[in-house]
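[1] got a predicted model here, sequence first, then my questions.
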Amino acid sequence: MAKTLVTGGAGFIGSHLSEALLKNGDKVTVVDDLSTGRLNNISRFRSNNRFSFYEDTILNKRLMKRLIKDCDIIYHLAAAVGVKYIIEHPIDSIKTNIKGTDVVLGMACEFGNKKVILASTSEIYGKDRPGKHVFSEEDDRLLGSTTRSRWSYSCAKAIDEFLALAYRREKRLPVIICRFFNTCGPRQTGRYGMVVPRFIRQALSGEPITIYGDGKQTRCFGDVSDAVRAVLLLSKNPKAYGRVFNIGNPENKVTINALAKKIRSMTHSASAIKHIPYAKAYREGFEDMRHREPDISRLKSVTGFKPNIGIDDMLLNIIKGFKSDD
Ligand code: UDP
């Protein structure tokens, strides 16, 4: 039985990961300040006697010292996430993302070189460029101006990755970096901008489904159960130490227009589909990327991972979850 610490374990991916770790028989401690996480996400396993929960910030060094000393492995997922959240809370997002990771890596090193799985993001790659849709781990990054707040997330997470890789190089800390591409599943909230839960909520309530821009942009939506399985495979594999891995599902590629239509039909909704200019949806000067598709060949070759869940099954399962929440 491993003693695991999951920062951000009341968040969307964090709660699914915690549940999987408990199923594996591990002991799971979650620290989450509930800024974007929700108690609801952990309610189904909160009473498990191998589970404990601390509602606190990862910037609380006294607490973190105690929790990190006492664990074997840290899954560091606590971060400000979601395009909408980042744009609306720029100071907090930058601070939590950089300082929090500094605390986790520093203490993991200080208290016996504990294994750290660092959650990162496909935002790292920044803007797409003409003709480039697929991103692999060693690709260059292309970012917009600092006056466009979206890019602060990419920069903060890049600093996290640099720091993790530096701890690997200088201190031999066993770190693994997971760059999540668009990930969906039950319990994800649309409150911070994520498109799938937003469209489903709109469709089920009969409100217009709001597509930003012309809707011809594409994304690949991976199911959270696949993402969690990839994380667990990586965390058991010493060949992954000191390396970066894309996690996503290139097979589930869809335009946002097609996604809206799919969700409307699967929910048997009569919602209108409405296109909204970016400047109205976010703030003036917002930049979206047209296409973003993960190259997961590194993940496949190191772990043998293959995504299992197609887009229709993924969406049906999320819709079912929404209905049972009513
Ligand atoms: N999007 C949309 N309507 C919404 C929310 C998002 O059309 O209500 C679009 C968004 O502009 C982007 C895509 O859906 O092109 C995916 O957005 P999300 O914020 O889920 O993820 P990311 O932009 O990080 O890929």
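    Sure, I can see it.
[2] for the rest of this, base every contact and every neighbour count on C-alpha atoms.
    Fine.
[3] ends of stretch 214-221, what's the gap?
    19 Å (CA to CA, to the nearest Å).
[4] run the chain-centre distance for it.
    In this view, stretch 214-221 has its centroid 18 Å away from the chain centroid, taken as CA atoms, centre = their mean, to the nearest Å.
[5] cool, stretch 109-116 as well?
    Worked out by CA atoms, centre = their mean, stretch 109-116 lies 23 Å from the chain centre.
[6] can I get it in CSV? Just the C-alpha atoms.
    Provided in CSV are the C-alpha atoms of stretch 109-116 (Å, rounded to 0.1, in the frame of the first residue of the first chain):
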residue,chain,number,x,y,z
CYS,A,109,13.6,16.9,-2.4
GLU,A,110,14.3,17.9,1.2
PHE,A,111,12.4,14.9,2.7
GLY,A,112,14.0,12.0,0.9
ASN,A,113,13.6,12.6,-2.8
LYS,A,114,10.0,11.6,-3.0
LYS,A,115,8.5,10.8,-6.4
VAL,A,116,6.6,13.7,-7.9
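[7] give the buried residues for it.
    Within stretch 109-116, the residues that qualify as buried are 109, 113, 114, 115, 116, counting by 16 or more other CA atoms under 10 Å.
[8] from these, which land in strands?
    Mapping these onto strands (DSSP state E) picks out 115, 116.
[9] elements contacting the host helix or strand of residue 258?
    For residue 258, the element it lies in under DSSP states H and E is helix 256-266. With contacts taken as 3 or more CA pairs under 8 Å, 6 or more residues apart in numbering; DSSP states H and E, helix 256-266 sits against helix 195-205, strand 209-212.
[10] mind putting those into a markdown table with mean pLDDT and mean neighbour count?
    Formatted as a markdown table, those follow (pLDDT from 0 to 100; neighbours: other CA atoms under 10 Å):
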| stretch | mean pLDDT | mean neighbour count |
| --- | --- | --- |
| helix 195-205 | 97 | 21 |
| strand 209-212 | 97 | 22 |
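[11] secondary structure class for the residue of the chain positioned farthest from its centre?
    For the chain, the residue at maximal distance from the C-alpha centroid (CA atoms, centre = their mean) is residue 270, at 31.0 Å. Per DSSP: H, G, I helix; E, B strand; the rest coil, the secondary structure class of residue 270 is coil.
[12] ok, it touching residue 202?
    No - with contacts counted by CA atoms under 8 Å, residue 270 stays clear of residue 202, the gap being 10.3 Å.
[13] got the residues of the stretch 101-250 of the chain near the ligand?
    Counting by CA under 6 Å from any ligand atom, the residues of the stretch 101-250 of the chain close to the ligand are 182, 193, 194, 195, 198, 210, 211, 212, 217.
[14] can you map out the strands along the stretch 201-326 of the chain?
    Here the stretch 201-326 of the chain has its strands, by DSSP state E, counting those that start in this stretch, at 209-212, 218-220, 222-223, 243-247, 253-255, 273-276, 291-294.
[15] just give me the closest of the buried residues of stretch 109-116 to residue 170.
    Distance to residue 170 across the buried residues of stretch 109-116 (CA to CA) is lowest for residue 109, with 10.6 Å.
[16] hang on, isn't that closest one packed against residue 168?
    No - in this structure residue 109 lies outside contact range of residue 168 using CA under 8 Å: 9.6 Å.
[17] can you pull the contacts of residue 135?
    Going by CA atoms under 8 Å, 6 or more residues apart in numbering, residue 135 touches 125, 292, 293, 294, 295.
[18] against residue 73, how distant is the last one?
    Right, residue 295. 27 Å.
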